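Novice: sequence plus predicted model, see below.
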2 protein chains.
Amino acid sequence: MSPNFHMTPDEFRRYGKMVIDWIADYYERVEELPVLSQVKPGDIRAALPPAPPEHGESFEAMLRDVEQIILPGLTHWQSPNFFAYFPANSSPPAVLGDLLSSGLAVQGMLWSTSPACTELETHVMDWLVDMTGLPPQFKSTSTGGGVIQDSASSATLCAVLAARERATGYTSNEEGVTPRLVAYASSQTHSSLEKDVKIAGIGRKNLRIIEVDENFAMRPDLLRRQIEADREAGLLPFFVCGTVGTTSVGAVDPLPEIGQICREYGLWFHVDAAMYGTAAVCPEFRHLIRGVELADSYTFNPHKWMFTNFDCNAFFVADRQALINALSIMPEYLRNQASESGEVFDYRDWQIPLGRRFRALKLWFVIRHYGVEGLRHHIRQHVDLARRFAAWVRASDRFELAAEPPLNLVCFRHRDGDEATQRLMERLNQSGKLFLTHTRLNGKFTLRFSIGQTRTELRHVERAWQLMNELAGD
Amino acid sequence: MSPNFHMTPDEFRRYGKMVIDWIADYYERVEELPVLSQVKPGDIRAALPPAPPEHGESFEAMLRDVEQIILPGLTHWQSPNFFAYFPANSSPPAVLGDLLSSGLAVQGMLWSTSPACTELETHVMDWLVDMTGLPPQFKSTSTGGGVIQDSASSATLCAVLAARERATGYTSNEEGVTPRLVAYASSQTHSSLEKDVKIAGIGRKNLRIIEVDENFAMRPDLLRRQIEADREAGLLPFFVCGTVGTTSVGAVDPLPEIGQICREYGLWFHVDAAMYGTAAVCPEFRHLIRGVELADSYTFNPHKWMFTNFDCNAFFVADRQALINALSIMPEYLRNQASESGEVFDYRDWQIPLGRRFRALKLWFVIRHYGVEGLRHHIRQHVDLARRFAAWVRASDRFELAAEPPLNLVCFRHRDGDEATQRLMERLNQSGKLFLTHTRLNGKFTLRFSIGQTRTELRHVERAWQLMNELAGD
């Protein structure tokens, strides 16, 4: 019998339980760790051996290095004092669903390569349609359907490609992109759309940036005017991206008006609700996605606010055939009876890559652990915290709101201007006690206080506010 | 105090250990499960409740459903009797590294959003350069560097985009794609390249398929002739994909000759070694990637054969700036000191999506657990098994080799022709005792016996051969 370097199932039991305990300990202490990592460029690499080990090492040594080398180099996204960017929250049931996915390690590229991987995903996506009040055409039982993507960037790229092909009668895939295609977004649309338009060969020049109103929402009158001008110039308007919860300020574009314009001129209407989409599990927040029934595609990130660890983006289309036609390939070595029967979904044709992980498990676990009731509760709690914080800012002599917060993102600044605001941000982040980030609104340096971390409670927001006031002086 | 629906750290300890034990049990029994799932379309969904639960459920109920509903719907990629497609193997240390990644749930889009996530990745990618004998320009300490992608499809898409931009002086990103671009691949190149060329707006018509020789390797003389013809026609040849281990038959393109042609005509040379790249940890197999020193980019999948669960694709470029220039965006809300210092890598500019998971942990754990020695041992064992199997086929009256197997993929057929071969495949897969897939070579239906599952040993291959002989009759 030749040597065997594999970890045995019994060793896996032992070390696996060590890792579970390590993570549980991490949850118990993460609140006390400096949120933004304090290391300098190169510090982590300098602590690692330059050459890979010739001989295997003990698991204990690996876990020790996670503690001593890796941990100080992390910015703790799971800290309840994390208020930066948008959250990428998580929860224990999600982690355990993901662990099962890693252990089973099946490939979901075709239905036949693991039917449960595809069918559970389709099923949970249909649940999300019901849970968040989306229109019926996004269901797999209708003309559309949902699929899990790694990120909203990738979902939006798929939307751009489906739109590009539909608009050109599927000739772009064959002949290459026509230079006449034009896409539309607002000045507040996420930067990934620009990247997607470049990737798809449309060219940034052909992405029209529509100006926003005083609430940072896209102006439909200007959109219409631009589409008409482009049509008159012989161009081919094909795609509009509306946003529900812009990255800078959480603005909400007027979906009904934009959707109407898209219908009128035959453009693909994509709605990016990466951040706020989760809030639609609460009926009182569904007004934010009003108009989504006019969309050709819609996306939001359970990995932002639905307690499901990255990566888990939910992407819906009203006409799945448009998506599949744009992305399908079928070489001989992937042919199989189930695919040819037309009775199944092969999700490789709904995404950019071929391979795919069993990501539905973690979302299924989250929905079942919390129930819709539990999800609603925690989302309402985050929104309530943001409203309290906004009220404190509004009442403050020192700070001012940069915009009215529609949901759980509060944008504010020091009344003394950019320098004071930026100095405050640096002091706060260097303190290690919280982490927040910035944007520019109407040219002014603005802090973004984004509340959505799983275990953020009132006391964390209170302490943050206290710290802001302490550090806001000269 | 309002109600709280979260799982506590102590509950996480308890349920986490249940999941660890469930996975260890799975490893111990997976060999006995039917490899290819026997369910029919719709079976899994029919067993799931149509509506999401309003109230939370117990973890025990969820785990019971995994056992009773999900498990029968899986095709067991981690079974030692899995010989289909290419493997997507895994190992306990990879699963535990991935578990830590899920638990920490950090975002690696920027260096500053978790420095250790970026630096460990850069470091482990540099290790892979040394471990597999890649040229020094692929190291981060030189002009290039490595990055983890979700799949070879995505890695190749990034290569196509970098090549497209370099060839057009970065005007395609701005103006949209010029219709003059032409890419080259062989008739055996993976279908994802066709998909990538379509996504990038090049158009399938502008992907030239170069014929192969009797070993299914690209013919460099025909490549040169085609490039010259395209140049004479006023077109812009910009990209060639060479493959080390084609999907159908494991063929190896002549990289030195193709690389030389690319240098001569100024084309981007991408090498796809998704399957065989891992074998280069063994010096005796490095001849397969000879010529990679001429490549602009190179990719292989540790998630295929390096015991690291999906997703973990390793993508290397010789000139990282060409990649970054093609994919970089920098909106205000992502600006930070570290990025502006130029001292760090922000991996969002090396990939399609913005967000990214901490995938380096699992690869780090695998390399440290096995050591380079352990990886070599198990790869050699798989190759040895394939050689034994090929020898049995060669000596058989009933079967014949469709091609000489360069490594761990054996292509063979029934001597009685397509019908007998296809019937055998169906019988084998329906038996549940093993799973293998097919391709067509020179028009003939051909079985692919692909050996690379982590725990496949001689006895599994022997039993497979015995079964093939039993089921090969009328």
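Specialist: All right, it came through fine. Residues are numbered from 1 along each chain as shown, chains lettered A, B, ... in the order given.

Novice: chain center to stretch A:323-338, what's the gap?
Specialist: Here stretch A:323-338 is found 28 Å from its chain centre; the criterion is Cα atoms, centre = their mean, to the nearest Å.

Novice: tell me the contacts of residue A:346?
Specialist: A:109-111, A:118, A:339 (Cβ atoms under 8 Å, 6 or more residues apart in numbering or on different chains). C-beta: built from backbone N, CA, C; applies to glycine.

Novice: most surrounded residue in the residues you listed?
Specialist: When neighbours are counted by other Cβ atoms under 10 Å in any protein chain shown, residue A:118 leads the contacts of residue A:346 with 28 neighbours.

Novice: all helices of the stretch 201-350 of chain A, in order?
Specialist: Along the stretch 201-350 of chain A, the segments classed as helices by DSSP state H, counting those that start in this stretch run A:220-232, A:255-265, A:302-305, A:320-327, A:337-341.

Novice: those helices into TSV, with extra columns for distance to chain B and mean pLDDT?
Specialist: Converted to TSV, the helices of the stretch 201-350 of chain A look like this (distance: least, Cβ to the nearest Cβ, whole Å; pLDDT from 0 to 100):
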stretch	distance to chain B	mean pLDDT
helix A:220-232	14	98
helix A:255-265	20	98
helix A:302-305	8	98
helix A:320-327	7	95
helix A:337-341	6	81
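
Novice: okay, those helices, which one's buried deepest?
Specialist: Highest mean neighbour count of these: helix A:302-305, a mean of 29 (counted as mean count of other Cβ atoms under 10 Å in any protein chain shown).

Novice: now do that helix: which elements does it pack against?
Specialist: Under the contact definition 3 or more Cβ pairs under 8 Å, 6 or more residues apart in numbering or on different chains; DSSP states H and E, helix A:302-305 sits against strand A:313-317, helix A:360-394.

Novice: quick one: pLDDT of the most centrally placed residue in chain A?
Specialist: In chain A, the centroid-proximal residue (Cα atoms, centre = their mean) is residue A:301; its distance is 4.0 Å. Reported pLDDT at residue A:301 in the predicted model: 98.

Novice: check contacts around it.
Specialist: Here residue A:301 is in contact with A:151-152, A:274-275, A:277-278, A:312-314 (Cβ under 8 Å, 6+ apart).

Novice: same check on residue A:18?
Specialist: Residue A:18 makes contact with A:59, A:63 under the criterion Cβ under 8 Å, 6+ apart.

Novice: how far is the strand or helix carrying it from where the chain is centred?
Specialist: Per DSSP states H and E: residue A:18 is located in helix A:9-29. Between the centre of helix A:9-29 and the centre of its chain there are 28 Å (Cα atoms, centre = their mean).

Novice: any idea of the angle it forms with helix B:360-394?
Specialist: Counting by axes from the mean of the first three to the mean of the last three Cα atoms, to 10 degrees, helix A:9-29 lies at 160 degrees to helix B:360-394.

Novice: format the CA atom coordinates belonging to helix A:9-29 as CSV.
Specialist: C-alpha atoms of helix A:9-29 as CSV (Å, rounded to 0.1, in the frame of the first residue of the first chain):
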residue,chain,number,x,y,z
PRO,A,9,-12.8,11.4,7.8
ASP,A,10,-12.0,11.1,11.5
GLU,A,11,-9.3,13.8,11.3
PHE,A,12,-11.8,15.9,9.4
ARG,A,13,-14.3,15.4,12.3
ARG,A,14,-11.7,16.6,14.8
TYR,A,15,-10.3,19.5,12.9
GLY,A,16,-13.7,20.5,11.6
LYS,A,17,-15.0,20.9,15.1
MET,A,18,-11.9,23.0,15.9
VAL,A,19,-12.8,25.3,13.0
ILE,A,20,-16.4,25.5,14.1
ASP,A,21,-15.3,26.5,17.6
TRP,A,22,-12.8,29.0,16.2
ILE,A,23,-15.6,30.7,14.1
ALA,A,24,-18.0,30.7,17.1
ASP,A,25,-15.2,32.3,19.2
TYR,A,26,-14.7,34.8,16.4
TYR,A,27,-18.4,35.8,16.5
GLU,A,28,-18.1,36.3,20.2
ARG,A,29,-15.0,38.6,20.0
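
Novice: and that helix, what's buried?
Specialist: Going by neighbour count (16 or more other Cβ atoms under 10 Å in any protein chain shown), the buried part of helix A:9-29 is A:9, A:12-13, A:15-16, A:19-20, A:22-24, A:26-27.

Novice: would you list the contacts of residue A:346 in JSON lines and tack on secondary structure?
Specialist: Below are the contacts of residue A:346 laid out as JSON lines (DSSP: H, G, I helix; E, B strand; the rest coil):
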{"residue": "A:109", "secondary structure": "coil"}
{"residue": "A:110", "secondary structure": "coil"}
{"residue": "A:111", "secondary structure": "helix"}
{"residue": "A:118", "secondary structure": "helix"}
{"residue": "A:339", "secondary structure": "helix"}
